[in-house]
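Enquirer: Next one to model:
(2 chains)
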Amino acid sequence: GEDVEQSLFLSVREGDSSVINCTYTDSSSTYLYWYKQEPGAGLQLLTYIFSNMDMKQDQRLTVLLNKKDKHLSLRIADTQTGDSAIYFCAESGSGGYNKLIFGAGTRLAVHP
Amino acid sequence: GAVVSQHPSWVICKSGTSVKIECRSLDFQATTMFWYRQFPKQSLMLMATSNEGSKATYEQGVEKDKFLINHASLTLSTLTVTSAHPEDSSFYICSALVGGSYEQYFGPGTRLTVT
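Expert: Reported below is the predicted structural model:
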């Protein structure tokens, strides 16, 4: 079946880089996504990557995709306190890009 | 950018009553909307897919008679929790999809507490 796994917690110092990892099971996923959720709020789409890409960079965000190992990572450069949130990895799954399967979320804590 | 709103943002109701939650796409037309449920410190669970003008498609294990979904227009979908019970207390989040798009735009969520 479809499953997405993430580590639950990550703590980094302000100014350092953060790397959040995710593994997924459905090799037919067309798109893979990273969403950010701040306390009490909905989800904000941070970035996404098409399955035929290896890397995508968008300002401080770098997404790496290892399709062979079904591993996705999100690197946040120069992490700031405002980056503290829960980060969800999601795959589009076999239902096409409409139906998203989410991981449990990684809580990122940024400390001075 | 695409904006999705939800109303209300939070609601408290008594057991046995029904609650309606609205999801609106404010600046685009959404042919498809999704309803998710999120428990504290857990991931989002897809409840149903709502297509304008047709019946919603429910995920396995979700009671369609308890969670009524109506997608009456291209900008509005509603979720009605009927005969609510305390175990229905949760954070309900909707998202909207523009036809042919790969991005789902999420609403801010509605926190439901059933007493």
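Enquirer: after the helix-or-strand element of chain B with minimal mean pLDDT comes which helix or strand?
Expert: None of the helices or strands of chain B scores lower by mean pLDDT, DSSP states H and E than strand B:104-106, at a mean of 88. Toward the C-terminal end, the helix or strand that comes next after strand B:104-106 (DSSP states H and E) is strand B:110-114.
Enquirer: Within its sheet, name the partner strands of that next one and how each one runs.
Expert: Sheet partners assigned to strand B:110-114 using DSSP bridges are listed as strand B:10-13 (parallel), strand B:90-97 (antiparallel).
Enquirer: ok, residues contacting the last one?
Expert: When contacts are taken as C-beta atoms under 8 Å, 6 or more residues apart in numbering or on different chains, the neighbours of strand B:90-97 outside the stretch itself are A:42-43, A:98, B:2, B:4, B:6, B:21, B:23, B:25, B:28, B:30-40, B:44, B:77, B:79, B:103-112. Glycine gets a C-beta too; all of them are placed from N, C-alpha and C.
Enquirer: Among the residues you listed, which ones are in helices?
Expert: The helices in this structure, assigned by DSSP state H, contain none of the contacts of strand B:90-97.
Enquirer: Would you list the buried entries among these?
Expert: A:42-43, B:2, B:4, B:6, B:21, B:23, B:25, B:28, B:30-38, B:44, B:77, B:79, B:103-110, B:112 (16 or more other C-beta atoms under 10 Å in any protein chain shown).
Enquirer: For chain B, what lies in contact range of chain A?
Expert: Contact residues, chain B versus chain A (C-beta under 8 Å from any C-beta of the partner chain): B:4, B:6, B:32, B:34, B:42-44, B:46, B:49, B:93, B:95, B:97, B:102-109, B:111.
Enquirer: same thing but at 6 Å, please
Expert: Residues of chain B lying close to chain A (C-beta under 6 Å from any C-beta of the partner chain) are B:Ser43, B:Leu44, B:Ile93, B:Tyr102, B:Glu103, B:Phe106, B:Gly107, B:Pro108, B:Gly109.
Enquirer: The residue nearest to A:Leu61 when sequence neighbours are not counted and A:Cys89, how far apart?
Expert: Computed as C-beta to C-beta, 6 or more residues apart in numbering or on different chains, the closest residue to A:Leu61 that is not its neighbour in sequence is A:Thr47, at 5.3 Å. Distance of A:Thr47 to A:Cys89, given as C-beta to C-beta, to the nearest Å: 11 Å.
Enquirer: which of those two has more neighbours?
Expert: Applying other C-beta atoms under 10 Å in any protein chain shown to A:Thr47 and A:Cys89 shows that A:Cys89 carries more neighbours, namely 26 against 17.
Enquirer: on contacts alone, who are the packing partners of the helix or strand containing the residue nearest to A:Leu61?
Expert: Element membership for A:Thr47 (DSSP H and E) is strand A:43-50. Here strand A:43-50 touches strand A:31-37, strand A:61-66, going by 3 or more C-beta pairs under 6 Å, 6 or more residues apart in numbering or on different chains; DSSP states H and E.
Enquirer: How about the contacts made by residue 11?
Expert: No chain was given, so I picked chain A. For A:Ser11, the contacting residues are A:Ala109, by C-beta atoms under 6 Å, 6 or more residues apart in numbering or on different chains.
Enquirer: let's do chain B instead
Expert: B:Val19, B:Leu112 are the contacts of B:Val11 under C-beta under 6 Å, 6+ apart.
Enquirer: what bridges to A:Arg13?
Expert: A:His111.
Enquirer: try B:Val4
Expert: With DSSP bridges as the rule, B:Val4 is bridged to B:Ser25.
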